[in-house]
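Undergrad: Dropping a prediction and its sequence here:
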Amino acid sequence: MRAGLAHGQTKDNQGVTDASPLSSELTLRIHQAIAQSGGWIGFDRFMAMALYEPGLGYYTNALQKFGAMPSSGSDFVTAPGMSPLFGQTLAVQVREALAATGTDEVWEFGAGTGALALQLLDHLGDAVRRYTIIDLSGTLRARQADALLKHADKVRWLDAWPDAIEGVVVGNEVLDAMPVQLLQRTNGVWHERGVTRQGEAFAWQDRPTDLRPPLDMGGTHDYLTEIHPQAEAFVASLAERLLAGRGGAAFFLDYGFPEAEYFHPQRHMGTVMCHQLHQADDNPLVAVGQKDITAHVNFTGVAMAGQNAGLNVLGYASQAWFLLNLGLAEGMAAAPLAERSQAQRLINEHEMGELFKVIGFSTATDWAAQGFARGDRSHRL
């Protein structure tokens, strides 16, 4: 999971420096952007540069990111890296969706090491004619190609979206890495939290704003939260492309909450979190380009973005319910003990099972997705 630690466990930033040449060059780029913008940029722009600045950002540089242990130099492990049963189980849903939509192509955003693509291709067989990967990380493409060598005749990579998409889209821990805007209420007044230069480093700076969270938190207590226009725009753009083609479906797996939980009055510290060497911290302004930056997903906003663009919500459930509906328990029963133990983490309530959710979309209304047969929480969105 993009939590090398249990959720909520953090480390301080002692010993973390920005001394690497990579971080220094990226810091210089962001300083230039701040200067060109009058001394301040919104956190969304800072996050975008920290993660995606060509050649320097976290997801575009050559640093090791994915792995099960800190000794590998990695920062976090995602579900496909925990257990091959993840992709094997998800393949059941993808196969059903391909049949229901009459398509034969799978699209994956943010394919990481290629582990999920390999698991899906191994279990989908002839049901999939082509597997398209859209990934901003050019440095991971070679690793993905090596992992997918036996399926090379089916796999292609695209740097940009086509005008139309037909087939089944999957995105595992994609939405949480999309830049967010930070809103801070101080003494009853809302501000947008941005970033300014402080010497050779960065500092927070708040500016008054007309932006507001989608729900009223109530009260006047200080409150920090995020809004997610980029993730919602991403889903809307995907919807347009699915509807422009022969249709299809999409499934996103990520950590987050429905709106009422996300903007609860007691959730007053926001959800932005960083991951480095399997430890978590809440300071994205240091070690820039050397660690992941994420924010939890507002699944209500994601659902509304898809619906408003013409998609139907197939369902919304915890990852545990979704995988169990698709036969994970049966797969675990047939697996070796060590593999069962790893797969259990996918559904444990205090690990990935409850914090991680799955939302499904479709261009069609005449089928019900197996992954949401039990435990569907769409009514809570």
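TA: Alright, I've got the coordinates. Numbering: from 1, shown residues only.

Undergrad: Okay, strands next: where are they in the stretch 51-200 of the chain?
TA: In the stretch 51-200 of the chain, the segments counted as strands under DSSP state E, counting those that start in this stretch are 105-109, 130-134, 155-158, 167-172, 181-186, 189-198.

Undergrad: what packs against the third one?
TA: The elements that strand 155-158 packs onto, with contact taken as 3 or more Cβ pairs under 8 Å, 6 or more residues apart in numbering; DSSP states H and E, are strand 130-134, helix 141-147. Placement of C-beta: from N, CA and C, glycine included.

Undergrad: how does it look with 7 Å?
TA: Of the remaining helices and strands, those touching strand 155-158 by 3 or more Cβ pairs under 7 Å, 6 or more residues apart in numbering; DSSP states H and E are strand 130-134.

Undergrad: Then the second one?
TA: Taking 3+ Cβ pairs under 7 Å, 6+ apart as contact, the helices and strands that strand 130-134 lies on are strand 105-109, helix 115-124, strand 155-158.

Undergrad: With His275 as the reference, name the closest of the strands of the stretch 51-200 of the chain.
TA: Ranking the strands of the stretch 51-200 of the chain by their distance to His275 (criterion: Cβ to Cβ) puts strand 167-172 first, at 15.4 Å.

Undergrad: Tell me which residues are up against that closest one.
TA: 78-80, 94, 97-98, 103-110, 116, 238, 248-253 (Cβ atoms under 7 Å, 6 or more residues apart in numbering).

Undergrad: what residue ranges in this structure are flagged as low confidence?
TA: 1-19, 68-69, 71, 73 (pLDDT under 70).

Undergrad: shouldn't Leu326 be in contact with Ala91?
TA: No - judged on Cβ atoms under 7 Å, Leu326 makes no contact with Ala91 at a distance of 8.6 Å.

Undergrad: Spatially, what comes nearest to Phe372 if we skip its sequence neighbours?
TA: Setting aside the residues directly before and after it, Phe372 is nearest to Gly315 in space (Cβ to Cβ, 6 or more residues apart in numbering), at 2.6 Å.

Undergrad: Now do the helix or strand that contains that neighbour: everything it contacts.
TA: When elements are assigned from DSSP states H and E, Gly315 belongs to strand 312-318. The contact list for strand 312-318, computed with Cβ under 7 Å, 6+ apart, reads 249, 299, 303, 306-307, 353-354, 357-362, 365, 369, 371-372, 375-378, 381.

Undergrad: Does the helix or strand just after it pack against any helices or strands, and if so which?
TA: The first helix or strand that comes after strand 312-318 along the chain, using DSSP H and E, is helix 319-325. Helix 319-325 sits against strand 356-362, with contacts defined as 3+ Cβ pairs under 7 Å, 6+ apart.

Undergrad: ok, how many other residues are close to Lys150?
TA: The local packing of Lys150 (other Cβ atoms under 10 Å) involves 10 other residues.

Undergrad: Look up how far Leu118 lies from it.
TA: Computed with Cβ to Cβ, to the nearest Å, the distance linking Lys150 and Leu118 is 8 Å.

Undergrad: do the same with His151
TA: Noted for His151: a distance of 7 Å to Leu118, by Cβ to Cβ.

Undergrad: which of those two has more neighbours?
TA: Remark: of His151 and Leu118, Leu118 carries more neighbours, 22 against 17, as counted by other Cβ under 10 Å.

Undergrad: need the strands for the stretch 251-381 of the chain, in chain order.
TA: Listed from the start of the chain, the stretch 251-381 of the chain has strands (DSSP E, counting those that start in this stretch) covering 273-276, 279-281, 292-294, 297-298, 312-318, 356-362.
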